[in-house]
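Participant: give me a model of this one.
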Amino acid sequence: MKPIGPFAPRDSETPLAEGHIPGLKGAPVRTPMPARGIQHTSPAMIGAIAKALVARQLWIELYGLPGYGLTLGNAKAQDFALSPKDLRPIPKEAPRPLLGGKLTLMGLSLETDDPRRIWDQPTPNRSFAVELHSFNWLPLMMAQGERGMRDALDLTLGWLDSFADWSPFSWAPDILARRVYNLACAAKRLTQHADPADRSKLANSLARQAKQLLRPPHTVRGRAERLTAAAVAGCALGEPVGSKLLHKALKRLPSALEQTVLTDGSHASRSAEQGLELLLDLLTLDDALSQRSLPTPSEVASAISRLTIALRSQVLPDGRLSVFQGGGPSSRERIAAARAHDDTPAAPPASVVGGIVRVSSPQLTLLLDVEAPASGVWSVTACGQPAALELLCGKDRLFTSAGWTPRSSDRHALRLSAGASTLTLGERPIGEPLSGWKSELLGPRLVSNPLHITRDHQQTDNAIWLEVEHDGWAPLYGLMHQRRIYIDQALDEIRAEECLLPKSGHAAPERIAAPYALRFQLDPDVQASVARDRRSILLRGKSGKGWWFRSDGPDIAVETAVHVDNGLTRRSLQIVVRGSARTDAETKIRWKLAAASED
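Facilitator: All right, here's what the predicted structure looks like:
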């Protein structure tokens, strides 16, 4: 056998490369103009573009007016009432973000000889700038003792000197919400040794920023997160400003939560990680309200309960999240913190949450995506990967996806079918993220033809049968993709069949044949050894236990791939079964996974 991988150890993680972009301070605001060859010109898309174009220019003109800041109030918030508790743990192995004159975020560094002046320097890329202006470095820096708190205060006061007034990037709703949340949780401790003037300056700025979160544009996506951040800030600020902010935010929050948290507890984006992050924010709000001796609104308590129930099913045996629809696996510590309040006796995970079917045997845990990606405003983080699967053998995650999340803003190709453990037909993907000026207006929405998916799930005492079928390839090739999976629970064995079937009633396509690629993305910690018959591959995860993958496909190979975790890329491997399917007949590819003998 020829051993392959793991391709790169943890210490070789590299940041995503996006290229250098100029500093954001004072950057001109340009309204994007349409380019030639407009794509995705459905009536709904044209309407959304027109509405966004008008709204964007309107708010830029309004919020950019001289004197606009006066409408946010001035010198009315003087101090902080309390410190809301952010439950997100600080990783023990995390390095200090400001060390040796360098600020390190997302694996990239920015040198500085004065923390207050870092805001005048160009940033390495957009992802770095988002992290910087979101103040996501603040909790980690605050945990580094007195020196860390001094650096954090200097960075914060430097931001106030440069960006106290509204600007389109640093005050963008999503960035603003994270900054307000992080500042609200840290401000009281951050300013305990600060000058009274600096303390008042920061309190006033936090009040102004939180007030801005309550103003348009009121897009549905992210609204619950923005209002929660504003409410947390209202709890943190002293009177009377804090109570006014809190009252306004809590009045609007219930409707936002109803739109964001679905009945089964999943997030409307279908991302388990986004649901986890919202749950952590709401738990912080719950704690802050308790510190103020105020009751938690029933709608907030209900959302916390639903998110908690969903989280039980989304956590896998390795202690991390399933990776579907733009959500990363998060960390065991973060998930444990979100579940610490859950004292309900352990119950079997639900079989379907957020469009993901979960089934298991003693050693196998399999998840299958059986719903279409989120649409409209929620599709900014959606992935065009129908029938994608994820598989754990014990605590070893074997089959997964490339792990794209919004933090991987230069790797949108990983959102498509080739970035997941599913089948790709031909050279064109299902769906396409918006780019260019349309992406600037609407965000990188995933746009595709309507996707219809059917599923069947049957279970006996010792076996599970799953079947999912979608028509994503029908517009181009007239073929349906049907994935059938049989799990023998007694033997801990999977037998599966991928079928490409001509769609009934569909006009015969011009092409007689189309190339297919059936991919199984391997976790970066998985080793793959190809047997001499070139049809069998031995897989080993961290535990060392072996599993044989076999297929009757025409061409089977182990190829290099990439895996994204927390914004950083790692080299990984993928099993690829290639062949050609006829568009006028049925094509079948069978595969099997079984435990290797310990002999």
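Participant: what's the distance between the spatially closest residue to Cys383 that is not a sequence neighbour and Gln574?
Facilitator: Distances taken as C-beta to C-beta, 6 or more residues apart in numbering put Arg415 closest to Cys383, at 4.4 Å, once the chain neighbours are dropped. Just so you know, the C-beta spots here come from the backbone N, C-alpha and C atoms, and that holds for glycine as well. Distance, Arg415 to Gln574, using C-beta to C-beta, to the nearest Å: 16 Å.
Participant: more crowded one of the two?
Facilitator: Using other C-beta atoms under 10 Å as the criterion, Arg415 and Gln574 rank with Arg415 on top: 29 against 22.
Participant: got the CA positions of the longest strand along the chain in CSV?
Facilitator: Longest strand of the chain, by residue count under DSSP state E: strand 568-582. Presented in CSV, the C-alpha positions along strand 568-582 are these (Å, rounded to 0.1, in the frame of the first residue of the first chain):
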residue,chain,number,x,y,z
LEU,A,568,-7.4,29.1,8.2
THR,A,569,-6.7,26.6,5.5
ARG,A,570,-5.2,23.2,5.9
ARG,A,571,-4.2,20.8,3.2
SER,A,572,-6.2,17.7,3.2
LEU,A,573,-7.2,14.8,0.9
GLN,A,574,-10.3,13.7,-1.0
ILE,A,575,-11.4,10.4,-2.5
VAL,A,576,-12.7,11.0,-6.0
VAL,A,577,-14.6,8.5,-8.1
ARG,A,578,-14.8,9.7,-11.7
GLY,A,579,-16.7,8.4,-14.7
SER,A,580,-19.1,9.4,-17.5
ALA,A,581,-22.9,9.3,-17.3
ARG,A,582,-25.3,9.0,-20.2
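Participant: number the residues from 12 up from this point.
Facilitator: Got it, the first residue is 12 from now on, which makes the last one we talked about strand 579-593.
Participant: helix or strand right after it?
Facilitator: The first helix or strand that comes after strand 579-593 along the chain, using DSSP states H and E, is strand 598-606.
Participant: neighbouring contacts of that following strand?
Facilitator: 374, 402, 404, 409, 502-511, 527, 529, 556-564, 588, 590, 592 (C-beta atoms under 8 Å, 6 or more residues apart in numbering).
Participant: can you list the strands that it pairs with?
Facilitator: In the sheet, strand 598-606 lines up against strand 504-513 (antiparallel), strand 557-562 (antiparallel) (DSSP bridges).
Participant: in CSV: the ones you listed, plus distance to Leu121 and mean neighbour count.
Facilitator: CSV is the format used below for the strands paired with strand 598-606 (distance: least, C-beta to C-beta, whole Å; neighbours: other C-beta atoms under 10 Å):
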stretch, distance to Leu121, mean neighbour count
strand 504-513, 47, 19
strand 557-562, 44, 20
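Participant: closest one to Thr319 among those strands?
Facilitator: Proximity to Thr319 (C-beta to C-beta) singles out strand 504-513 among the strands paired with strand 598-606, at 30.6 Å.
Participant: chain center to the closest one, what's the gap?
Facilitator: 29 Å (C-alpha atoms, centre = their mean, to the nearest Å).
Participant: following element in sequence after that strand, please.
Facilitator: Heading C-terminal from strand 504-513, the first helix or strand you meet, by DSSP H and E, is strand 524-533.
Participant: now do the longest strand of the chain against strand 524-533: the angle between them, please.
Facilitator: Interaxial angle of strand 579-593 relative to strand 524-533 (axes from the mean of the first three to the mean of the last three C-alpha atoms, to 10 degrees): 150 degrees.
Participant: give me the phi and psi for the residue nearest to Cys394.
Facilitator: phi -80, psi -10 (degrees, to the nearest 10).
Participant: next: the one 5 residues further on.
Facilitator: Comment: the main-chain dihedrals of Ala431 come out as phi -140, psi 170, following degrees, to the nearest 10.
Participant: check Pro108 too.
Facilitator: According to degrees, to the nearest 10, Pro108 has phi -70, psi -20.
Participant: can you get me a residue count around the residue lying closest to Ile129 once chain neighbours are set aside?
Facilitator: Leaving aside its sequence neighbours, Ile129 sits nearest to Thr123 (C-beta to C-beta, 6+ apart; 4.4 Å). When counting by other C-beta under 10 Å, one arrives at 18 neighbours for Thr123.
Participant: what residues does Thr123 make contact with?
Facilitator: Here Thr123 is in contact with Gly112, Lys113, Leu114, Ile129, Gln132 (criterion: C-beta under 8 Å, 6+ apart).
Participant: lovely, talk soon.
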